[in-house]
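Enquirer: Turn this into a structure:
(one chain, ligands or ions: 1)
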Amino acid sequence: MRLHPAFALLIALTTCVLARIQGVFPVYTIALESSEPVQTSLNTRDVPNNVDYRCGPKIGKCPVGTCCSGAGFCGTSKAHCRSPDCKIDYGHCDAHRSPYGPPTKEIARPHLGQVPFGPTQIRSCAIPGTVALTFDDGPTRYTGDLLDLLDKYDAKATFFVTGINNGKGAIDDLTLPWASVIERMHSSGHQVASHTWSHEDLSKVTPSQRSEQMEKNEAAIRNILGHFPSYMRPPYSSCTPDTECGKQLGELGYHIILYDIDTDDYKNDSPDLIQRSKDIFDHQVLQSDPLTKSWLVIAHDAHEQTVHNLTEHMLKAIKRLGYRAITVGDCLRDPRPLWYRKDTRMPTQKEKPKKPASADPNKAVSWDGSCGSNYTCLGSTFGFCCSSENACGNTSNHCGKGCRKDAGYCTVDVPGNGDAWDPRVDVKGSKSEAGAEIRMLGSAAMAAMTSLLLAFIVAMFM
Ligand SMILES: [Zn+2]
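Expert: Purely as a prediction, here's the structure:
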């Protein structure tokens, strides 16, 4: 039978179109699959799991078990659920997790010593010639390096630690490195203070959420040290009088610590910008007289430039000018036993669970900086993360793309999370959700194209 030329052309065209469709579908599928689990940047991993659901004020809550992201999307990814961006009133969040062990609510909180408690906000040190360096939002992967640096300069500092912010997991989770870092802070003579459980703005939450923010962090720190702090700093330095926040913190037995030098380090976390933070510090400190002056400085160990650049600059100046770097409690002349409240119900140090290094009983802790099948970086002195090159360290090369979860801790870049009055612009969340929206548009375009092709084939056969 002879094939009519028109019919042959039709077959050729159909084959061609079908081949295109065969090509289109796999490309579409692979693109979605490869964008989901990669933990390299917020833009590639924040595909909302429930793209149809929006959430937030005037919209409503997310379906049970899903989190409401900072940009108002429901989902279950780390980016949706991590505090403080995650909206605690509109779905599940990291913040809803509770530390193990008995609640601390029952523990007495007498106001002992001469340092005022809340609602008083303390903004300066009391001993001339001292500088209290304070670091908020940690511990993070940079904190170990900061502790090394403080040791090098024989300096003491105060750490306002947050229990479960920025998707780092809970500080008392023994499979993570944080508990051992906090133990090291304490055993090295630094002061461990509270910066709330999940970094919520204490002026914007209810009184019961406020006490929960303090008490959950108390329980987590107690699980690590056996006692919890009587010193705190409110996230975003926000604790306004109209909310009775300060009064409530006073009733919970807290000294509220602010600062008289704000380095603005969270705005300047790049090698090009960090000089601005150094200038802020220098402008105040270099002209001052240690015989009459003292300083209370805020910075954040969540930022690489703070740890690897700004802090050494400050420590050198402190030493050169004849100041001493000491803790907030010391610079306020508060006796050390009053910095903490003991929980006598807890097991003694001997009975406590082992350090995170034992989290993987099948691997020994790296002794030479190498890691992989037999050695883990958790608990090593080379850094928590195991790179794709099998080396321990704390840089993005170690902790980001290619990081080996089987041999250490892996993370993505910690987002900025400063403490100025109103920096809570959800740039990261918006950006990530916008990325997701672009991908959704891409998917819609792909679907529309496929429909057109199908219609074309049908039309050809009609
Ligand atoms: Zn903070």
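Enquirer: and the closest residue to the ion within the stretch 201-350 of the chain, what does it touch?
Expert: As assessed by CB to the ion, the ion sits closest to residue 235 within the stretch 201-350 of the chain, at 4.6 Å. Heads up, the C-betas are built off the backbone N, CA and C, glycines and all. With contacts defined as CB atoms under 8 Å, 6 or more residues apart in numbering, residue 235 is in contact with 84, 136, 162, 195, 196, 199, 200, 201, 202, 419.
Enquirer: hmm, which of the residues you listed are the buried ones?
Expert: Neighbour-count burial (16 or more other CB atoms under 10 Å) applied to these gives 84, 136, 162, 195, 196, 199, 200, 201, 202, 419.
Enquirer: Using a markdown table, lay out the residues you listed together with pLDDT.
Expert: Formatted as a markdown table, the buried ones among the contacts of residue 235 follow (pLDDT from 0 to 100):
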| residue | pLDDT |
| --- | --- |
| 84 | 96 |
| 136 | 98 |
| 162 | 98 |
| 195 | 98 |
| 196 | 98 |
| 199 | 97 |
| 200 | 97 |
| 201 | 97 |
| 202 | 98 |
| 419 | 46 |
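Enquirer: Columns distance to the ion and secondary structure on top of the residues you listed, output as CSV?
Expert: Formatted as CSV, these follow (distance: CB to the ion, whole Å; DSSP: H, G, I helix; E, B strand; the rest coil):
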residue, distance to the ion, secondary structure
84, 9, coil
136, 4, strand
162, 7, coil
195, 5, coil
196, 8, coil
199, 6, coil
200, 10, coil
201, 10, coil
202, 11, coil
419, 4, coil
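Enquirer: Quick check: pLDDT value at the residue of the stretch 201-350 of the chain closest to the ion.
Expert: Per-residue confidence (pLDDT) for residue 235: 98.
Enquirer: Dihedrals phi and psi, it?
Expert: Per-residue torsions, residue 235: phi -50, psi 140 (degrees, to the nearest 10).
Enquirer: and residue 367, what pLDDT?
Expert: For residue 367, the model assigns a pLDDT of 77.
Enquirer: Next one: the closest residue to residue 157 other than its chain neighbours relative to residue 340, how far apart?
Expert: Leaving aside its chain neighbours, residue 157 sits nearest to residue 133 (4.5 Å; criterion: CB to CB, 6 or more residues apart in numbering). Per CB to CB, to the nearest Å, residue 133 is found 20 Å from residue 340.
Enquirer: Name the residue in the two with the higher neighbour count.
Expert: Legend: neighbour count by other CB atoms under 10 Å for residue 133 and residue 340, higher for residue 133 (28 against 21).
Enquirer: So in terms of bridging, what pairs with that one?
Expert: Counting by DSSP bridges, residue 133 is bridged to residue 157, residue 297.
Enquirer: For it, which residues are in contact?
Expert: Per CB under 8 Å, 6+ apart, neighbours of residue 133: 155, 157, 158, 297, 299, 311, 314, 315, 325.
Enquirer: of all the residues you listed, which comes closest to residue 394?
Expert: Closest approach to residue 394 among the contacts of residue 133 (CB to CB): residue 311, at 14.7 Å.
Enquirer: Residue 149 is in contact with that closest one, correct?
Expert: Yes. Using CB atoms under 8 Å, residue 311 is in contact with residue 149, at 5.8 Å.
Enquirer: Looking at these two, which is more packed in?
Expert: Neighbour count, other CB under 10 Å: between residue 311 and residue 149, residue 311 has more, with 27 against 16.
Enquirer: residues in contact with the more buried one?
Expert: Counting by CB under 8 Å, 6+ apart, residue 311 has contacts 133, 146, 149, 150, 299.
Enquirer: which residues in the stretch 151-300 of the chain form helices?
Expert: Assigned by DSSP state H, counting those that start in this stretch, the helices in the stretch 151-300 of the chain fall at 178-187, 207-225, 245-251, 274-285.
Enquirer: So what touches the first one?
Expert: Right, the one you point to is helix 178-187. 138-139, 143-144, 147, 159, 161, 168-173, 192, 221, 223-225, 355-357, 379.
Enquirer: how many other residues sit next to the closest residue to residue 253 other than its chain neighbours?
Expert: Excluding its sequence neighbours, the residue lying closest to residue 253 (CB to CB, 6+ apart) is residue 109, at 2.9 Å. Residue 109 has 14 neighbours, counted by other CB under 10 Å.
Enquirer: tell me the SS of residue 109?
Expert: coil (DSSP: H, G, I helix; E, B strand; the rest coil).
Enquirer: what's the distance between it and residue 229?
Expert: 11 Å.
Enquirer: In this structure residue 105 contacts residue 215, no?
Expert: Yes. If you go by CB under 8 Å, residue 105 and residue 215 touch, sitting 5.8 Å apart.
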